[in-house]
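Novice: Task: produce atomic coordinates for the following.
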Amino acid sequence: MLASDLTIIEVLGQAVMQEVEAYKRYQLFASRVKNPLVQEKFNSLANEEKAHRELLYGMLCKYTGEEKPPLPKEAPRESGKSDEELSLPEILQLAIRKEQEAQVFYADAAKLATDPSGKRVLEYLAEFERGHERLLQTEYDSITKYPQWFDIDGADIMLVGP
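Specialist: Numbering: from 1, shown residues only. I've put the predicted structure just below:
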């Protein structure tokens, strides 16, 4: 659903859920690779998404005046496959697409925001998601060119590198 079809409260609720989904995806990805450098990147992405979730949830509390406003239910899966069933390249492609969708969602939501600070936060998040997309694309290119890169553990990293 486009942000322009939603109220600001619905936008924030949906944004919180998107950040939760991204956090889980990056945690799963980090757990499925052996390369500590790649694990660190995905744990870092997960932590950023967690911080975004907290920021957005705080905004939602402010807009609703509630201490614990309800959140929308999780969206149904697109492919029918759970993230756990996807291969590493497939989950990277999914993550890239989700970051692209988040960029558009936040940019659209920023256009709707009447509160200047809320507008700035949403524009900031759109830019942040663009950075995530670039990082993910780099990792996708790495796994495409060097499939063993995600399985390298320890000292071998220094010898092989992407």
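Novice: Helix or strand: which one has the spatially most central residue of the chain?
Specialist: Closest residue to the average C-alpha location of the chain: A22 at 3.7 Å, with CA atoms, centre = their mean. Using DSSP states H and E, A22 falls within helix 8-32.
Novice: Same question for I143.
Specialist: Counting by DSSP H and E, I143 is part of helix 116-145.
Novice: Which neighbouring elements make contact with that helix?
Specialist: Helices and strands touching helix 116-145, by 3 or more CB pairs under 8 Å, 6 or more residues apart in numbering; DSSP states H and E, are helix 36-64, helix 88-112. (Glycine included, C-beta is placed from N, CA and C.)
Novice: Try it again at 6 Å.
Specialist: Applying 3 or more CB pairs under 6 Å, 6 or more residues apart in numbering; DSSP states H and E, one finds that helix 116-145 contacts helix 88-112.
Novice: between the helix it packs on and helix 8-32, how many degrees?
Specialist: For helix 88-112 against helix 8-32, the angle by axes from the mean of the first three to the mean of the last three CA atoms, to 10 degrees is 160 degrees.
Novice: Next, the buried residues of helix 88-112.
Specialist: For helix 88-112, burial by neighbour count (16 or more other CB atoms under 10 Å) applies to 88, 91-92, 94-96, 98-99, 102-103, 105-110.
Novice: before we move on, back to that, point out the other helices and strands that the helix holding A22 packs with.
Specialist: Under the contact criterion of 3+ CB pairs under 6 Å, 6+ apart, helix 8-32 touches helix 36-64, helix 88-112.
Novice: export the ones you listed to TSV and tack on mean pLDDT and distance to W149?
Specialist: Listed next are these as TSV, based on pLDDT from 0 to 100; distance: least, CB to CB, whole Å:
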stretch	mean pLDDT	distance to W149
helix 36-64	91	7
helix 88-112	90	10
